[in-house]
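Novice: I would like to see how this sequence folds:
(2 chains)
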There are 2 protein chains.
Amino acid sequence: MNVTIIGLGLIGGSLALSLRQHGLVQHLIGVESNARHARRALELSLVDEIETDLATAVRRADLVVVAVPVDAMVAVLPLVLDDVAAHQIVIDVGSTKQALLASVAGHPNRGRFVAAHPMAGTEHSGPEAAVSGLFEGKTVVLCDTAHSDPDAVLHVEKLFQALPMRLIYLDGAEHDLHTAYISHISHITSFALALTVLEKEKEEQRIFDLASGGFESTVRLAKSAPATWVPIFRQNRLNVLDVLDEHLHQLQHRRELLAQEDYTALSEQIQQANHIRKILP
Amino acid sequence: MNVTIIGLGLIGGSLALSLRQHGLVQHLIGVESNARHARRALELSLVDEIETDLATAVRRADLVVVAVPVDAMVAVLPLVLDDVAAHQIVIDVGSTKQALLASVAGHPNRGRFVAAHPMAGTEHSGPEAAVSGLFEGKTVVLCDTAHSDPDAVLHVEKLFQALPMRLIYLDGAEHDLHTAYISHISHITSFALALTVLEKEKEEQRIFDLASGGFESTVRLAKSAPATWVPIFRQNRLNVLDVLDEHLHQLQHRRELLAQEDYTALSEQIQQANHIRKILP
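Specialist: The predicted structure follows:
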């Protein structure tokens, strides 16, 4: 199988490595608008070649993976679909789905596209961040598969299962709602925590000295790139605002209990929070 | 060296394993008020014996480690100091220091006590949570060492350096301020995040399906025990409220930028948050 990957960052690059590792690809073509990233992707052997003409890169592939930030995605995906033939398949790997699905609704080649979101990542970005095994054992969400051709869905299912990944199916609206709850809010809280600590703790050496695994764990996502995350927050704005309001309410409530010294209620709330252990042991 | 450890949970148990691993102890005596924990500590070979009489356990030790939750600590430490002789040394391993230091200020044996806070832990608790190597390469804060006898400080410094740990020195007030900023707030935000997601996401299977490494990382501390953390928040209440107010302000600000669709400012703020990468690469 010849594969073209558009966008050779963390996700596109890691997928390139994973496809190669599992013997799922013969020839890998990369498309990358950032010249430095394109050069690094070649140096790191993420792809066999860089193709600068999008239409050519698409036409030469059996599978096209669109792995650019979600704001670029809504512009690029329709262009890609313009160029695909009936035997080709296109997937995306984006973190938001409703805007993307709207951008290709009614496109004559819509059936060749399967919307996919592998629930995997790190706080790093760019081709240097690509790691093999990133997707192993993780979940991939396929969205609105009823609008994709059955042969394309079957092919994409087999591909992700071979990585191996677990498949789940949601419609675009459900996807954006649940990812706001479970993924996007974590990034917002982590960015805010980093800014809180940087604001309060003026001595950087103190942060370095005192940071334990707990702090590093909660603040890790704050290292994530704005170019990735601002477009996600923008496209999923209403859902993110909704869960952010609940989070502010929760924090405000915890603040009141502590201010009023209601340690019994605070303890009960922590016990409720501990319930997350039953879901994620 | 004979060591008595009072409180055989995550920290006390892990210290037992670490002392043994580095050949720093001949005989380990445990004191543990929870009968099941005492039995498990013996089964797991964390200690050589359980002693039920506190005064006896203290008298038989060269070094006494007080590793109970910080509310019990302020009651237990003065009792321990009542029983120590001039050749013995007492340390604590608690996460707050001002209340503890006040509880033994002016005690005739105050000089035998060295206040210590190893900046290491996990979200687990109890003797089963004890792991060897927990402290390796981490920082230990020694507090108000001017009030401890020089020979006791020197001994404790050598002990922690052998684990090996990095030593830093703060007074009790500085310690409680900086740990509120860098450690305690992470727990508050993680508890609140868990409650937010449990409140919004009623389908537990969805949380399990969609949780990626990012969510697991930010929510990990929400598994921590209320018996450990409520006393910490209580003793460090004013500092925790102060940093919590800053965090609420940061989150509220991020909410407003998203509500107003000011993506330029949001992006700048995320770039500022990314600065944490320079401190914790």
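Novice: Can you give me the buried ones in the least confident helix or strand in chain A by mean pLDDT?
Specialist: The weakest-scoring helix or strand in chain A, judged by mean pLDDT, DSSP states H and E, is helix A:204-210 (a mean of 90). Judged by neighbour count (16 or more other CB atoms under 10 Å in any protein chain shown), helix A:204-210 contains these buried residues: A:206, A:207, A:209, A:210. C-beta coordinates here come from the backbone N, C-alpha and C atoms, glycine included.
Novice: and the angle for the longest helix along chain A with helix B:237-259?
Specialist: Counting residues, the longest helix found in chain A (DSSP state H) is helix A:237-259. Helix A:237-259 and helix B:237-259 are oriented at 160 degrees to each other (axes from the mean of the first three to the mean of the last three CA atoms, to 10 degrees).
Novice: Whichever helix or strand comes after helix A:237-259 - contacts with which helices or strands?
Specialist: Proceeding N to C from helix A:237-259, the next assigned helix or strand is helix A:263-274, under DSSP states H and E. With contacts taken as 3 or more CB pairs under 8 Å, 6 or more residues apart in numbering or on different chains; DSSP states H and E, helix A:263-274 sits against helix A:237-259, helix B:185-200, helix B:226-235.
Novice: any residues touching helix A:263-274, and which ones?
Specialist: A:253-254, A:257-258, B:190-192, B:194-195, B:198, B:222-227, B:229-230, B:233-234 (CB atoms under 8 Å, 6 or more residues apart in numbering or on different chains).
Novice: Let me know how buried the closest residue to residue A:212 other than its chain neighbours is, in neighbour terms.
Specialist: Excluding its sequence neighbours, the residue lying closest to residue A:212 (CB to CB, 6 or more residues apart in numbering or on different chains) is residue B:119, at 4.4 Å. Residue B:119 has 23 neighbours, counted by other CB atoms under 10 Å in any protein chain shown.
Novice: One more: residue A:1?
Specialist: 14.
Novice: ok, it - contacts?
Specialist: Residue A:1 neighbours (CB under 8 Å, 6+ apart): A:24, A:25, A:26, A:62, A:63.
Novice: Filter those residues down to just the ones in strands.
Specialist: residue A:63 (DSSP state E).
Novice: Drop anything exposed from the contacts of residue A:1.
Specialist: A:25, A:63.
Novice: and of the contacts of residue A:1, the nearest to chain B?
Specialist: residue A:24 (22.2 Å; CB to the nearest CB).
Novice: So that closest one is in contact with residue A:162, correct?
Specialist: Yes. The criterion here is CB atoms under 8 Å, and residue A:24 meets it with residue A:162 at 6.0 Å.
Novice: which residue ranges form the strands in the stretch 51-200 of chain A?
Specialist: Ranges of strands in the stretch 51-200 of chain A, per DSSP state E, counting those that start in this stretch, are A:63-66, A:89-92, A:113-118, A:139-143, A:166-170.
Novice: any idea how far the fourth one is from the chain center?
Specialist: How far strand A:139-143 lies from its chain's middle: 11 Å, per CA atoms, centre = their mean, to the nearest Å.
Novice: So what touches that strand?
Specialist: By CB under 8 Å, 6+ apart, strand A:139-143 touches A:97, A:101, A:114-119, A:153, A:156-157, A:160, A:165-172, A:175, B:209-210, B:212.
Novice: State the distance from residue A:81 to chain B.
Specialist: Using CB to the nearest CB, to the nearest Å, one gets 27 Å for the distance from residue A:81 to chain B.
Novice: I figured that residue was touching residue A:113, is that so?
Specialist: Yes. Contact criterion CB under 8 Å: residue A:81 and residue A:113 qualify, at 6.0 Å.
Novice: so where is the stretch 151-281 of chain A shaky, pLDDT-wise?
Specialist: Across the stretch 151-281 of chain A, nothing is flagged by pLDDT under 70.
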